[in-house]
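Trainee: got a sequence here, can you model it:
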Amino acid sequence: MTFHFPYKHILNLKEKEKDQALLEMSVIVRKREAVMERFHSIDLKRKELLSQMDSANRQISIADIQQRNEYQNYLTRMAADLEEQLRQIDEDIISMQAELLAKQQEEKTWHHLRDKAFEKYNQLQKKIEQDAMDEMAAIRYFHQQFSS
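Mentor: Next up, the predicted model:
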């Protein structure tokens with residue numbers, strides 16, 4: 001007789017839920033990394049623009065100044081949008097971490113229940129085996145007593 005955990009389907013479900021939460025967490029982390037790269041790129045463009053504006057020693061037309069200011073404002077808005085996205089992603093990561101922790105705890109609980117059930121199964125098997133050995137010893141003793 002082999003061990004059969006009656007709630008194996010629940011344990012499998014909890015394992016899949018945890019794996020799904022891990023996958024979702026990795027997707028969010030990759031999304032954060034991509035937004036961070038875009039933010040750093042825009043920040044670098046803003047710094048380059050400011051450097052160009054500071055180093056301009058020649059006469060600059062008003063149209064050129066206006067164009068640079070519009071571009072600087074655009075980059076600033078983009079950076080602010082990306083900062084907001086990062087803030088939202090960080091909130092998502094925190095909630096996903098809490099969800100992942102809960103899933104891991106549920107899975108651990110079901111693994112513990114399975115291990116306890118397996119221990120009981122082993123104890124029962126040992127008792128059955130010991131009872132069979134005791135019965136064989138008693139029969140052997142009984143046969144020895146009558147054959148002598």
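Trainee: contacts and neighbour counts: CA atoms only from here.
Mentor: Will do.
Trainee: and the residue nearest the centre of the chain?
Mentor: Centroid-nearest residue in the chain: L22, 2.6 Å away (criterion: CA atoms, centre = their mean).
Trainee: K103: neighbour count?
Mentor: Other residues near K103 come to 21 when the count uses other CA atoms under 10 Å.
Trainee: check which helices and strands the helix or strand it falls within is in contact with.
Mentor: Using DSSP states H and E, K103 sits within helix 62-147. Taking 3 or more CA pairs under 8 Å, 6 or more residues apart in numbering; DSSP states H and E as contact, the helices and strands that helix 62-147 lies on are helix 8-55.
Trainee: sorry, back to before: roughly how far does the residue nearest to the centre of the chain sit from E91?
Mentor: Computed with CA to CA, to the nearest Å, the distance linking L22 and E91 is 16 Å.
Trainee: which residues of this protein score low on pLDDT?
Mentor: For the chain, the stretches flagged by pLDDT under 70 are 56-58, 148.
Trainee: got the contact list for I28?
Mentor: Neighbour list for I28: 89, 92-93 [criterion: CA atoms under 8 Å, 6 or more residues apart in numbering].
Trainee: just to revisit the earlier point, the closest residue to the residue nearest to the centre of the chain other than its chain neighbours: how many residues sit nearby?
Mentor: Spatial nearest neighbour of L22, excluding adjacent residues (CA to CA, 6 or more residues apart in numbering): L100 at 6.8 Å. If you count neighbours by other CA under 10 Å, L100 ends up with 20.
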